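**Q** build me a structure from this.
(chains A and B)
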Number of protein chains: 2
Amino acid sequence: MSIIVQKYGGTSMANSDCVKNVAEKVVRSKRGGHDVVVVVSAPAGMTDHLVNRAKEITDKPSGRELDMILATGEQISISLLAMAIKALGEEAISFTSAQVGIFTDENHNKAKIETIDTTKIIKALTEGKVVIIAGFQGVTKDLEITTLGRGGSDTSAVAIGVALKADEVEIYTDVDGIYTADPRVVPNAHKIHRITFDEMLEMAGSGAKVLHLRSVELAAKNHMPIHLRSSFNDEMGTYVMDEEENMEQALVRGVAHTTNNAKITIANIENKPQNIATIFKTISDANVNVDVITQNVVDQNRITISFTVAEEEYDRALRLSNDLGKQLHAEAVYGTEDVAKVCIIGVGMKTTPGVASRLFQCLADQGVHIEMVSTSDINITCVVSKVDYAKAVLAIHQAFEL
Amino acid sequence: MSIIVQKYGGTSMANSDCVKNVAEKVVRSKRGGHDVVVVVSAPAGMTDHLVNRAKEITDKPSGRELDMILATGEQISISLLAMAIKALGEEAISFTSAQVGIFTDENHNKAKIETIDTTKIIKALTEGKVVIIAGFQGVTKDLEITTLGRGGSDTSAVAIGVALKADEVEIYTDVDGIYTADPRVVPNAHKIHRITFDEMLEMAGSGAKVLHLRSVELAAKNHMPIHLRSSFNDEMGTYVMDEEENMEQALVRGVAHTTNNAKITIANIENKPQNIATIFKTISDANVNVDVITQNVVDQNRITISFTVAEEEYDRALRLSNDLGKQLHAEAVYGTEDVAKVCIIGVGMKTTPGVASRLFQCLADQGVHIEMVSTSDINITCVVSKVDYAKAVLAIHQAFEL
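**A** Numbering: from 1, shown residues only, chains lettered A, B, ... in the order given. Okay, the predicted model is just below:
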């Protein structure tokens, strides 16, 4: 059997015409000789609508009851899609996660898939049916309904692909792949045909939020290729896959950027480990996500800490930082929302020296001042002034011949 | 344990305020010392909305997939009600029929409940929780989702009451009980406090469509009292229950009527059993429900057949009857929509002679011409001209001192 798992998101299920369009794509794959398993999300907007219905009842809906109501969204999608496929003359059957046996732990609203019973899926495929499964949701051994958290349908699709030893998982979305840079910034950015899991994880973490991180991690761990493609055309998209010999040739795979950043600096505090621990524990206890962190030495005993946060968490983070500044006797605390993040990503960097210096030279040539730098094996991130980010991305895209 | 099963219909779940109102009623019962199990329908209008979504996809949605989508309506109701009850400080837990184990046969869209696993319900009640169960739906041994047909939530509630050996099943609706006649026709009609199952079945069949017939049959078979009452006030409603000694005193329990009837007559055909069989097989094969049937002898070898159907099926039934008339060499076929049905119902009739003659005298006094008569042990039905029905109902109500 050549099994393909296809995942369609909420915009692909938004209304009856969308559902029929998806049915046609599925039927083409089926008639192309594949056994097709389809994983779908709730119709666009429905999850928000259901959350609002719950909020009308109570400020703090219980996690269990919230999962109970949220799980109805995908159940509506799977039944409509099954009807639409049958109307095109192919056999199809829909399953909730409880019917399949997509077993998760008991963490409502953020459950993790533990095992998947493939019996019913295999049986239906053997009978020539297209199998349609509700994404985003699972069930515990006690038949309690759970959900996987936002974007969880991607993870459902990959987990089902792994359980079925599928050839690949196709994730259909409103973009047609991963690009070497944001085409709105770099007009001649082009689609990346193949990208490694590690590169994809860095891209996702650096602003190219196309795939849910957990789904990429799961695919990487299980060597399950993901084909990310558009639900609006039939073009090839981007393959996210294991590193291969000939993929090494690309030094830098792409440039990513984010502009919704803010930077906070706590200047000139005593250099002792407890101080740093106190800062980041205070910030994380307030549920603020810290992104890039840099630490500069003022003199032997004094340091300055800078970090970035998302713009929407800036006010909260700055208030906390002002308190921390007093507590730790900082010389000053200052913040700015005038920062952007520009990153280059590529597994080729691991084995090629001088990439960072080429990057810095390129930015210097453009007169772009680098405020912070952070690096990993396959990622170099620079924090720059917001007005400079487009210039930086364009120059980098050209300098690395993307 | 003193267990009460409460059933709330779609209008009681129509919006957040309605759901909160139901939660308050449930909590009052719980704090009154009862173990409470609540069975709910989908929010008003939702089932129609979902059927329309399906119809947008295909003219003939498969029964299985239709059940899949319809079952989401009650799942939304149960979770919202559980949240609302918890918000009032009582513990509550919602269950789909699959989670409880409300097992049905495999007839999608009109499944029959076979067994109910009470383990989870009893466990939750023992833990002090209000248990909320999705009505209208069931599950097969294979975990296929089924629905019981329109009005099936009443049947769910009674079946759950029977399985739990509940004290009674309270069915909350938008009327506050069964009346001796339609209060819009008879201003001094009054609420019946107790009515037998048999009388209720006749009332329901004769126009007082408050309870789903199957639910009354199930309650009758299992001697489970139903308390039919309003969800908008706390007054006592009507108890539907086994016949008791002191209930015999009422000769006639009530007068019911329907006005959406039409009458068809196939006049003067040969009196042989096959002719009658042919007529009613042809009509029922076309899915037309025949209600009252009368047969008059023309002479030793010839008869005239009359029957009533619902107004909306009249055109279809008349076309079929015209064909039948030709086939059976009838003298004529004629039909009219100008008929109404008036019925008196009461277990007392069984043992009291002369009820029919009192009825006929009463109608004669009013100058009401009787077109057809049909009787059972506890029901006398007269078909009259539509313009006469209100006069007839008023006169009967007075004549039998209701």
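
**Q** low-confidence ranges, chain A, go.
**A** Residues of chain A that meet the criterion pLDDT under 70 lie in A:1, A:205-209, A:245-250.

**Q** could you redo the last one with a cut-off of 50?
**A** Residues of chain A that meet the criterion pLDDT under 50 lie in A:248.

**Q** those residues of it touching chain B, which are they?
**A** Selection of chain A residues close to chain B by C-beta under 8 Å from any C-beta of the partner chain yields A:16, A:19-20, A:50, A:53-54, A:56-58, A:61-62, A:64-66, A:68-69, A:71-72, A:75-76, A:78-80, A:82-84, A:86-87, A:93-94, A:96, A:98-99, A:143-145. (C-beta placed from N, C-alpha, C; glycine too.)

**Q** in strands, which of these appear?
**A** Using DSSP state E, the members of those that fall within strands are A:I93, A:S94, A:I145.

**Q** show me chain A divided up by domain.
**A** The record, using automatic domain parsing to delimit domains, assigns chain A the ranges A:3-174, A:254-399.

**Q** of the ones you listed, which is nearest B:L363?
**A** domain A:3-174 (52.4 Å; C-beta to C-beta).

**Q** from A:Q274, how far off is the residue of chain A most remote from its centre?
**A** Taking C-alpha atoms, centre = their mean as the measure, the residue most remote from the mean C-alpha position of chain A is A:Q300, 40.5 Å away. A:Q300 sits 17 Å away from A:Q274, going by C-beta to C-beta, to the nearest Å.

**Q** check A:I4 too.
**A** Where A:Q274 is concerned, A:I4 sits at a distance of 54 Å (C-beta to C-beta).

**Q** what strands line up against the longest strand belonging to chain A, and which way round?
**A** In chain A, taking DSSP E as the definition, the longest strand is strand A:254-270. Using DSSP bridges, strand A:254-270 pairs in its sheet with strand A:302-310 (antiparallel), strand A:332-345 (antiparallel).

**Q** what would those strands look like in a markdown table with distance to A:E168?
**A** Listed next are these as a markdown table, based on distance: least, C-beta to C-beta, whole Å:
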| stretch | distance to A:E168 |
| --- | --- |
| strand A:302-310 | 33 |
| strand A:332-345 | 22 |
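
**Q** let me have these in a markdown table, adding mean neighbour count as columns.
**A** Shown next, in a markdown table, are the strands paired with strand A:254-270 (neighbours: other C-beta atoms under 10 Å in any protein chain shown):
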| stretch | mean neighbour count |
| --- | --- |
| strand A:302-310 | 20 |
| strand A:332-345 | 21 |
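
**Q** and the longest strand of chain A, how far from the chain's centre?
**A** Counting by C-alpha atoms, centre = their mean, to the nearest Å, strand A:254-270 is centred 21 Å from the centre of its parent chain.

**Q** in CSV, list the C-alpha atoms belonging to it.
**A** Extracted in CSV, the C-alpha atoms of strand A:254-270 (Å, rounded to 0.1, in the frame of the first residue of the first chain):
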residue,chain,number,x,y,z
GLY,A,254,16.7,31.1,3.8
VAL,A,255,16.3,34.4,5.7
ALA,A,256,13.5,34.8,8.2
HIS,A,257,12.5,37.9,10.1
THR,A,258,10.0,39.1,12.7
THR,A,259,9.0,42.6,13.5
ASN,A,260,6.8,42.2,16.5
ASN,A,261,9.7,42.4,18.9
ALA,A,262,10.7,44.6,21.8
LYS,A,263,14.0,44.7,23.6
ILE,A,264,14.6,45.3,27.3
THR,A,265,18.0,46.0,28.9
ILE,A,266,18.8,45.8,32.6
ALA,A,267,22.1,47.6,32.8
ASN,A,268,25.1,47.1,35.1
ILE,A,269,24.1,44.6,37.8
GLU,A,270,26.3,42.4,39.9
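
**Q** so for the next helix or strand after it, what gets flagged as buried?
**A** Using DSSP states H and E, the helix or strand that directly follows strand A:254-270 along the chain is helix A:273-285. Across helix A:273-285, burial judged by 16 or more other C-beta atoms under 10 Å in any protein chain shown covers A:N275, A:I276, A:I279, A:T282, A:I283.
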